[in-house]
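**Q** Everything below, folded, please.
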Amino acid sequence: MSEAHHVSDDARLDLRTARVLCIDENSQGLDILGQILMGFGVESTMRAQSETDARQLLAANPFDLVLVDAGLGGNGHAFVRWLRTSPLEPNRYAPVLVLSGFTPRSQVESARDCGSSFVVTKPISARTLLDRICWVGRSGRLFVEADSYCGPDRRFKNEGVAGGGPGRRKTDLSAEVGEATEPNLSQDEIDNLMKPRKSAL
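**A** Below you'll find the predicted structure:
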């Protein structure tokens, strides 16, 4: 497993100069994102309404942040996985926020394990989106590459081996999208999966 692209904890965010790619098949969703980002002071935003358009923009332009709808092409998680394993530098290392209105635990885990930095629930709260952007910009997470995973380091805390098993396995989680079998998680519950807090000793 190799590691690359460490963001300093002291890094300062200047959203005025951030280059953001918004990907959503719904033009109204893109309009809402654009308005929110403009409110944050972002001056450079590009939009894509299809996976093909998004790939072309990523191949031609460097981005500091990618926002992608979970339903893109029927499975936005597959798109994120493609980006993370693509040769597109520096974009493969860029923070990726997955936006989703469908957030049962299985789908949040799928989003985490495809290489996204965070999941943000729809309808989008500007405050929540800004908090997540600031967090990923200052988190100092390493980018890791392994046989079954490419993306931000998921090891936020040392809890030992999960379930007493041998550790992360290729078959641990499935990225397949199925019918809902459980209720959506709240944003706080999603955050706990994507950014678990340290346990008290």
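
**Q** which residues sit in contact with the residue nearest to residue 50 when sequence neighbours are not counted?
**A** If the residues on either side of it in the chain are set aside, residue 50 comes closest to residue 25, at 6.6 Å by CB to CB, 6 or more residues apart in numbering. C-beta: built from backbone N, CA, C; applies to glycine. Residues in contact with residue 25 (CB atoms under 8 Å, 6 or more residues apart in numbering) are 49-50, 69, 71-73.

**Q** Per-residue pLDDT of the most centrally placed residue in the chain, please?
**A** Geometric centre of the chain, nearest residue: residue 116, 2.8 Å, by CA atoms, centre = their mean. Looking at residue 116, its pLDDT reads 94.

**Q** Ok, residue 103 next?
**A** pLDDT at residue 103 comes out at 87.

**Q** Okay, and it sits in which element?
**A** For residue 103, there is no host helix or strand (DSSP states H and E).

**Q** So, low pLDDT: which residues of the chain?
**A** 1-13, 155-181, 193-201 (pLDDT under 70).

**Q** now the helices: where do they sit in it?
**A** Remark: helices assigned in the chain by DSSP state H are 27-39, 51-60, 76-85, 105-113, 126-138, 187-194.

**Q** Turn those helices into TSV, columns for distance to residue 151 and mean neighbour count.
**A** What follows is these, written out as TSV (distance: least, CB to CB, whole Å; neighbours: other CB atoms under 10 Å):
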stretch	distance to residue 151	mean neighbour count
helix 27-39	22	15
helix 51-60	15	16
helix 76-85	5	22
helix 105-113	8	21
helix 126-138	12	17
helix 187-194	11	17
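
**Q** between the ones you listed, which one is nearest to residue 91?
**A** Evaluated over the helices of the chain, closeness to residue 91 peaks at helix 51-60, with 4.9 Å, by CB to CB.
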